[in-house]
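A.B. asks: below are the sequence and a predicted model for it; my questions follow.
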Amino acid sequence: MQFDTKIAVVIRTNLEAWQKLNVASFLAGGIAAAFPECIGDNYQDGSGTSYLSLIGQPILIYGADRAALSRALERALARDVKPALYTEDMFRTTHDAANREVVKAVVRADLNLVGLAVRAERKVVDKIMDGLKFHT
């Protein structure tokens, strides 16, 4: 199935495995919260057990260094795409309010980005992610 929109997540490549998974999870949650229309229906197995809904379209996962993450952020904002973001400082917090505080304490140019997620029209996402490779 071809979707009109695309979801892309960019994760800094030099993180520990647990950090990458943590960042990807938080960013996917940000997309789901901002775009409830991308959530599919609940699942049910053959025994009748119900399960939670998932995001109903593929999520492309890219890898990048800090500079490429900053470039993707600027490209998104220049195209009026509001991204979800995760900064290195957020690893040292223990709750959502503290996460917002550490982001607010830093001007955009100095954000130590470790992850970014966007959902937009396919061609717009392609321009934001131009030059990035899929995460390995």
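C.D. replies: On my side now, so go ahead. Numbers count the residues shown, from 1 in each chain.
A.B. asks: what's the distance between the residue in the chain sticking out farthest from the centre and A17?
C.D. replies: Largest separation from the mean C-alpha position in the chain: S47, at 33.7 Å (C-alpha atoms, centre = their mean). Computed as C-beta to C-beta, to the nearest Å, the S47 to A17 distance reads 33 Å. C-beta here means a position set from N, CA and C on the backbone, and glycine is covered the same way.
A.B. asks: ok, L69 next?
C.D. replies: For L69 relative to A17 (C-beta to C-beta), the value is 18 Å.
A.B. asks: the lengthiest helix in the chain: which residues count as buried?
C.D. replies: Ordering each helix of the chain by length in residues (DSSP state H) puts helix 17-34 first. By neighbour count on 16 or more other C-beta atoms under 10 Å, the buried set for helix 17-34 is Q19, K20, N22, V23, A24, F26, L27, A28, G30, I31, A32.
A.B. asks: residue contacts, the last one?
C.D. replies: The one in question is A32. Neighbouring residues of A32 by C-beta atoms under 8 Å, 6 or more residues apart in numbering: C38, I39, I55.
A.B. asks: thought the last one was touching D41?
C.D. replies: It stands for I55. No - at 11.9 Å, I55 does not count as touching D41 under the criterion of C-beta atoms under 8 Å.
A.B. asks: in terms of neighbours, single out the busier of those two.
C.D. replies: Taking neighbours as other C-beta atoms under 10 Å, I55 and D41 compare with I55 leading, 16 against 8.
A.B. asks: what's that one sitting at in phi/psi?
C.D. replies: In terms of degrees, to the nearest 10, the main-chain angles of I55 are phi -60, psi 130.
A.B. asks: relative to T136, how far out is it?
C.D. replies: From I55 over to T136 (counting by C-beta to C-beta), the distance is 22 Å.
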